[in-house]
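Undergrad: Build me a structure from this.
(chains A and B)
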Amino acid sequence: MKSGFSNPTDQLKMTVYASLCAALTAVGAFVAIPIGPVPIVLQNFFVFLTGLVLGSRWGLASVGIYLIAGILGFPVFAGGAGGIGRIIGPTGGYLIGYLPAVFIIGVIVEKRRANLYLDIVALVSGSLIVYFFGVSWLKIITGMSADKAIAVGMIPFLPGDALKIAAAIASARVLRRTIGAPLTPRPFTS
Amino acid sequence: MRPPLGKAAGVMADLIPFSYRNNHTLLHRYDVRCKMLSFIALSLTTLKAEAFGLLLISCIVITALSFLKGRILVIFYELRFFIFFLFFVFIIRTFSTPGSPVFQNPWIPATREGIYQGGCLFWKMLLIALLSLVFISTTKPSQTKEALKRFFRPIPFVPEERLAAMITLMIRFIPLILDEIQEIKDAQRSRCIENRKNPFYRIKHLTIPLFRGLFETAGELAEAMESRCFGEGSTPMMLSSGTIDWFCLAMVLVGCLLIILS
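TA: Residues are numbered from 1 along each chain as shown, chains lettered A, B, ... in the order given. Coordinates of the predicted model:
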């Protein structure tokens, strides 16, 4: 099953899908609602969706492309901004956390496709990884205590995350049928 | 019918304020590779700099901003949320850093050291954000892509052609997605979706057709690319650099080194 994308046609298709997911993540970041040092954005919803639909390696490629584009200055980060300043800024930890999160989500769902419980486990794990990186960096940058950092960088977003997880699972079910393809292990093979 | 990618890209500048604006200033003509290296060096130096270094970099940023005639107010307006976050960080630093108190009142535990540290952090982050914006406003995405391709070429196991192609596709997809959202919203409005009170119903009927349509378009695009023999050996874009570009880069690097060492 995993060798299903060894031919160039499928590789090209996955390249385009991964780029589309990166673009969706960027669009998700345009809608930023500031409620404190960390805004509410739809970025993580699209990162969840990318992991569920594209799997570990292509998901990693998609999020990697998104971050590289942002670091290079393309306006893809929260509020329509870009640049290395965002990575170093208060929300940089969340952005970096997307990389291991999407990979772990992909690894978990690749074990058995379209399994509701596995999808939930994958997305909860992904969320925790994002918060681990995000809150740790927020604590370092702002000099807050761990309790305060969790209070402003994690707790207010948990109800929204539950909704995003539910929406990502529902959307992934539709998209898996639309793409109609198995997950691929190797995005960058020639 | 969906608009072609090129047409949608034209709308992008209206939707995203931080985008390339065509002009013929010195910064626009500065070779993209040298410009990218200069801006990265300045950003990293900003992180290391103290008050005097920050003052020098601020002068460079103000000069660079002067090339973006008429856009400075727009930039600050669009950066308002970022400035709000920085202000929050400043407040936290002011009250959480130990040191000599500014006020006698114990209810306002602001310290001089906190104000200095918070102020420097605010200043640094704002300068880095402004540097990024100047780069975006004066560099064509195609030039950035080409420069990126050349920077990644010497690194083993990194497929620079595919990386650059994916970034270009991503940037091209953004206006298409925004257009598609608008199209579906219009279609829903014509079917009186506003009369539905349940927000979940409305969201479901926006997102499902949106995702399905976008992934179908992406599939069609992949087929079209394949039928046109899309490969990773396309003719590279010409980038030209003169002595003045390398001289400017050298000046920036020496300046950054001096700021770090001072």
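Undergrad: quick one: the helices in the chain?
TA: This is for chain A. In order along the chain, chain A carries the following helices (DSSP state H): A:8-30, A:43-71, A:84-88, A:92-111, A:116-142, A:146-153, A:158-179.
Undergrad: that answer is for a different chain, and I need it for chain B
TA: Listed in chain order (using DSSP H), the helices of chain B are B:5-15, B:26-29, B:32-48, B:51-65, B:72-78, B:80-96, B:112-138, B:141-152, B:160-190, B:199-227, B:243-261.
Undergrad: residues in contact with the least confident helix or strand in chain A by mean pLDDT?
TA: For chain A, using mean pLDDT, DSSP states H and E, the weakest element among its helices and strands is helix A:84-88, scoring a mean of 74. Outside of helix A:84-88, the residues that reach it under the criterion Cβ atoms under 8 Å, 6 or more residues apart in numbering or on different chains are A:67, A:70-71, A:77-78, A:92, A:95-96, B:40, B:43-44, B:47, B:125, B:128-129, B:131-132. C-beta coordinates here come from the backbone N, C-alpha and C atoms, glycine included.
Undergrad: rerun that using 10 Å as the cut-off
TA: Here helix A:84-88 makes contact (Cβ atoms under 10 Å, 6 or more residues apart in numbering or on different chains) with A:29, A:67, A:70-73, A:76-79, A:92-93, A:95-96, A:137, A:141, B:39-40, B:43-44, B:46-47, B:82, B:86, B:124-133.
Undergrad: domains of chain B?
TA: For chain B, automatic domain parsing gives the domain ranges B:23-139, B:140-228+B:238-256.
Undergrad: quick one, which of those domains is nearest to residue A:167?
TA: Closest approach to residue A:167 among these (Cβ to Cβ): domain B:140-228+B:238-256, 7.2 Å.
Undergrad: residues touching the most centrally placed residue in chain A, list them.
TA: Averaging the C-alpha coordinates of chain A gives a centre point, and the residue nearest to it by Cα atoms, centre = their mean is residue A:47 (2.2 Å). Residues counted as contacts of residue A:47 (Cβ under 10 Å, 6+ apart) are A:21-22, A:24-25, A:28, A:59, A:62-63, A:66, A:94-95, A:97-99, A:101-102, A:105, A:123, A:126-127, A:130, A:164, A:168.
Undergrad: For PyMOL, what selects the buried ones among those residues?
TA: Entered in PyMOL, the line below selects the buried ones among the contacts of residue A:47, by 16 or more other Cβ atoms under 10 Å in any protein chain shown:
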select buried, chain A and resi 21+22+24+25+28+59+62+63+66+94+95+97+98+99+101+102+105+123+126+127+130+164+168
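Undergrad: Of the contacts of residue A:47, which are in range of chain B?
TA: Here is what survives when those are matched to chain B using Cβ under 10 Å from any Cβ of the partner chain: A:21-22, A:24-25, A:28, A:62, A:66.
Undergrad: pLDDT wise, what is residue 101 at?
TA: Assuming you mean chain A. Here the pLDDT value assigned to residue A:101 is 96.
Undergrad: I was after chain B.
TA: As predicted, residue B:101 sits at a pLDDT of 81.
Undergrad: quick one on the thing from earlier: comparing the helices of chain A, which comes out most buried?
TA: Among the helices of chain A, the stretch with the highest mean neighbour count (mean count of other Cβ atoms under 10 Å in any protein chain shown) is helix A:43-71, at a mean of 27.
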